[in-house]
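J.: starting from these lines, generate the structure:
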Amino acid sequence: MQLFCNCISLLRVPLAFLLLTPLPWVRLSAIALAMATDIFDGYLARKMNATSKIGAILDPLTDKFFALFALSVFFMESKISGLEACAFLSRDIFLAAFAVYLTLSKNWGRQKILSLTWGKVSTSFQLLALMTLALGFRLPSLSYSIFVAFGALAFRDFYSHLQRQKAGIEPKA
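T.: Residues are numbered from 1 along each chain as shown. Reported below is the predicted structural model:
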């Protein structure tokens, strides 16, 4: 079952390549299917008790690949600026900063990091933004600031989660 869940995650890689077609309905379908695989693989893994360390790495990795690929396509088509793409990816930038913090504080690998609320909210808004871009619409530049806010809130969630684990309120890995 773990292999099946991981294969569902891996489907996001070929789905990303469908974004190379200029047809909005193909792009929209690829994004919707990527969203469905993200929801389904996690649900199935938890429901069937088939979670794995590989799946915990593979799922967010394929998510990031899909988002980066989509942003690259839309950037090359001038549907999004470099600054807008950075704002779009701000949660990932915050998470990279958090990983650096964990490494410097020698907490890397000792803490169990879960998918938390603001990360899920941010992902939902990212997918809506990608759908909007796939349909050929431009988002107002100021709207990308919401991704920065969600990134900061996700960072705060992870930091709070780490502090609760240190205090013994939440279990460690």
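
J.: can you pull the phi/psi pair for residue 22?
T.: phi -80, psi 0 (degrees, to the nearest 10).

J.: give me the distance between it and residue 73.
T.: 10 Å (C-beta to C-beta, to the nearest Å). No exception for glycine: its C-beta is placed from N, CA and C like everyone else's.

J.: neighbour count for the two, which is higher?
T.: Of the pair residue 22 and residue 73, residue 73 is the one with more neighbours under other C-beta atoms under 10 Å, namely 21 against 10.

J.: just name the shakiest helix or strand of the protein by mean pLDDT.
T.: helix 90-104 (a mean of 81; mean pLDDT, DSSP states H and E).

J.: any idea how far that one is from the chain center?
T.: In terms of C-alpha atoms, centre = their mean, to the nearest Å, the centre of helix 90-104 is found 14 Å from the chain centre.

J.: check which helices and strands it sits against.
T.: helix 145-166 (3 or more C-beta pairs under 8 Å, 6 or more residues apart in numbering; DSSP states H and E).

J.: what comes up buried for the helix it packs on?
T.: 146-148, 150-151, 153-155, 157-158, 161-162, 165 (16 or more other C-beta atoms under 10 Å).

J.: mean confidence for it?
T.: Averaged over helix 145-166, pLDDT sits at 84.

J.: once you drop chain neighbours, what's closest to residue 59?
T.: Nearest in space to residue 59, with sequence neighbours left out and distances taken as C-beta to C-beta, 6 or more residues apart in numbering, is residue 9 at 4.9 Å.

J.: so the one you found touches residue 39, yeah?
T.: No - applying C-beta atoms under 8 Å as the test, residue 9 and residue 39 come out as separate, 11.3 Å apart.

J.: which pair in the buried residues of helix 145-166 spans the largest distance?
T.: 146 and 165 (28.5 Å; C-beta to C-beta).

J.: quick check: domain ranges of the chain?
T.: 1-77, 80-173 (automatic domain parsing).

J.: among those domains, which gets the worst mean confidence?
T.: Among the domains of the chain, domain 80-173 scores lowest, at a mean of 82.

J.: tell me where this protein has helices.
T.: 2-10, 12-17, 24-47, 53-76, 82-88, 90-104, 117-134, 145-166 (DSSP state H).
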